[in-house]
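In: Below are the sequence and a predicted model; questions follow.
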Amino acid sequence: MTAANISLTSPSSNNTVAAHTLFVCKTCASVWQDGKRVGESGGQKLLREIQETAESWELKDDFPIQEVECMSACSRSCVVAFASAGKLTYLFGDLPTENCAEAILECASKYYSRTDGVLPWSERPEPLKNGILARIPTLS
Ligand code: FES
């Protein structure tokens with residue numbers, strides 16, 4: 001299954017969809033020399049691949065991608081997170097820098113389609129099954 005062929009419905013009953021954000025750490029898997037990053041980091045590669053893949057993603061206008069400097073999971077790079085008001089927040093790590101964008105967007109599409117944002121292990125794409133770092137409860 002690809003991100004493009006998941007059936008999407010509004011997770012809210014009044015047809016207003018809460019804002020969603022896909023956070024991508026661009027500092028993960030960096031090589032440092034004399035306090036400066038050398039070359040392109042793994043996070044930058046992953047971010048670029050996600051942005052390119054999202055060009056044809058049906059949720060590209062509803063699920064913006066936001067690059068961040070760090071999500072304090074540096075030892076488990078690469079790291080992304082899904083967040084939305086009224087839903088669980090997920091933090092995923094140990095993601096490869098290449099050939100992972102499709103899986104991330106597929107999982108993001110599932111997250112979008114669920115009212116509570118719950119992403120059962122069995123329904124997550126392979127790269128996002130074992131690398132889960134946090135599942136943060138919804139604010140009540
Ligand atoms: S450098 Fe990516 S989480 Fe800290």
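Out: Cool, the structure landed. Residues are numbered from 1 along each chain as shown.

In: after the lowest-mean-pLDDT helix or strand in the chain comes which helix or strand?
Out: Counting by mean pLDDT, DSSP states H and E, the chain has its least confident helix or strand at strand 36-37, which shows a mean of 90. For strand 36-37, the following helix or strand on the C-terminal side (DSSP states H and E) is helix 42-54.

In: what does that following helix rub up against?
Out: The contact list for helix 42-54 (Cβ atoms under 8 Å, 6 or more residues apart in numbering) reads 3, 22, 24-30, 60, 65, 67, 77-80, 95-102, 104-105. No exception for glycine: its C-beta is placed from N, CA and C like everyone else's.

In: from the middle of its chain, how far away would it be?
Out: Put simply, helix 42-54 sits 11 Å off its chain's centre (Cα atoms, centre = their mean, to the nearest Å).

In: What of stretch 39-47?
Out: Distance, centroid of stretch 39-47 to centroid of chain: 15 Å (Cα atoms, centre = their mean).

In: Sort out which residues of it are buried, please.
Out: Judged by neighbour count (16 or more other Cβ atoms under 10 Å), stretch 39-47 contains these buried residues: S41, G42, G43, Q44, K45, L46, L47.

In: Same question for stretch 48-65.
Out: Within stretch 48-65, the residues that count as buried by 16+ other Cβ under 10 Å are E49, I50, T53, A54, W57, E58, L59, F63, I65.

In: so which of the buried residues of stretch 39-47 comes closest to L119?
Out: Distance to L119 across the buried residues of stretch 39-47 (Cβ to Cβ) is lowest for L46, with 19.0 Å.

In: Which pLDDT value does the model give A3?
Out: Looking at A3, its pLDDT reads 49.

In: before we move on, what about L8?
Out: Looking at L8, its pLDDT is 52.

In: Also L139?
Out: In this model, L139 is scored at 83, pLDDT.

In: Near it, how many other residues are there?
Out: If you count neighbours by other Cβ atoms under 10 Å, L139 ends up with 8.
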